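A.B. asks: pasted the sequence and its predicted model underneath.
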Amino acid sequence: MITQDLARAAADPIAASRTAVTAESVSASPLSPVQQQILALVNQQRVKAGCGAVTLDRRLIEAANRHAADMAKRAYFDHASPNGQKAGDRVENSGYHWRFYGENIAKGQDSPWAAMVAWMDSPGHRENILDCKLDQMGIGLALGHDKTPYWVQDFATPQK
C-alpha cells in the first residue's frame with residue numbers, strides 16, 4: 001500500500017494530494033507522499049507568483065513534525081507551544097541556522113490538498129507560501145487521539 005502511494009505521489013503528486021491522510025501518512029522522509037504532495041502544491045503556487053521553487057529540508061521536516069506531534073498530543077493549536085517555544089526556536093533546535101523563517105499551521109484538514117486550500121485562503125499563511133525569500137520547507141503531520149490531523153509547514157532560508 002505504501003509503495004503504491006509513493007508511486008502515485010511521484011507520478012502525479014497534485015492529483016494524489018486529494019487522498020485522505022491516515023496514520024501511515026505520518027513520515028519524516030522527504031520522499032513521503034505528504035511531503036511530495038505539499039511540495040508540488042506549494043511550488044505550483046510559487047511559480048504562478050513569480051517565486052522560485054522551495055526544496056525540502058530534513059531539519060525543517062523534523063521541526064514541523066515535532067510541533068505537529070506536540071499539538072496533537074497536548075491538544076492545543078498555536079504557533080507557540082504551552083512552554084513558550086516559537087517556530088524560530090524549533091527550527092534552530094533542529095540544527096537549522098536560519099536567516100528568515102515562516103510557519104503555517106492547520107488543524108482538521110483531511111488531506112494535503114485541503115491543508116493547502118486552507119493556507120492559501122488565509123492571508124498570513126498565503127504570504128509565507130509566496131514569500132520569495134524563503135527557499136526551503138518541511139511539513140509536519142500528526143494525528144490527535146481523535147484522529148484529527150494537525151499540520152505544520154515550516155519555511156526557512158539558511159544563514160549564509
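C.D. replies: Structure's in. What do you need?
A.B. asks: buried stuff in stretch 67-79?
C.D. replies: By 16 or more other CB atoms under 10 Å, the buried positions in stretch 67-79 come out as 67-72. Where you see a C-beta, it was placed from the backbone N, CA and C, and this is true even at glycine.
A.B. asks: check stretch 85-104 too.
C.D. replies: 87-88, 90-92, 94, 96, 98, 101-104.
A.B. asks: for Asn83, give me its contacts.
C.D. replies: By CB atoms under 8 Å, 6 or more residues apart in numbering, the contact list for Asn83 is empty.
A.B. asks: what's the separation between the closest residue to Ala53 other than its chain neighbours and Ile129?
C.D. replies: Distances taken as CB to CB, 6 or more residues apart in numbering place Asn43 nearest to Ala53, at 4.3 Å, with adjacent residues excluded. Noted for Asn43: a distance of 10 Å to Ile129, by CB to CB, to the nearest Å.
A.B. asks: next one: Gln44
C.D. replies: Distance of Gln44 to Ile129, computed by CB to CB: 10 Å.
A.B. asks: kindly report the same for Gly52.
C.D. replies: Counting by CB to CB, the gap from Gly52 to Ile129 is 13 Å.
A.B. asks: so what sits against both of those two?
C.D. replies: Residues touching both Gly52 and Ile129 comprise Arg46, with contact defined as CB under 8 Å, 6+ apart.
A.B. asks: ok, the two, which is more surrounded?
C.D. replies: When Gly52 and Ile129 are compared on other CB atoms under 10 Å, the one with more neighbours turns out to be Ile129, at 25 against 12.
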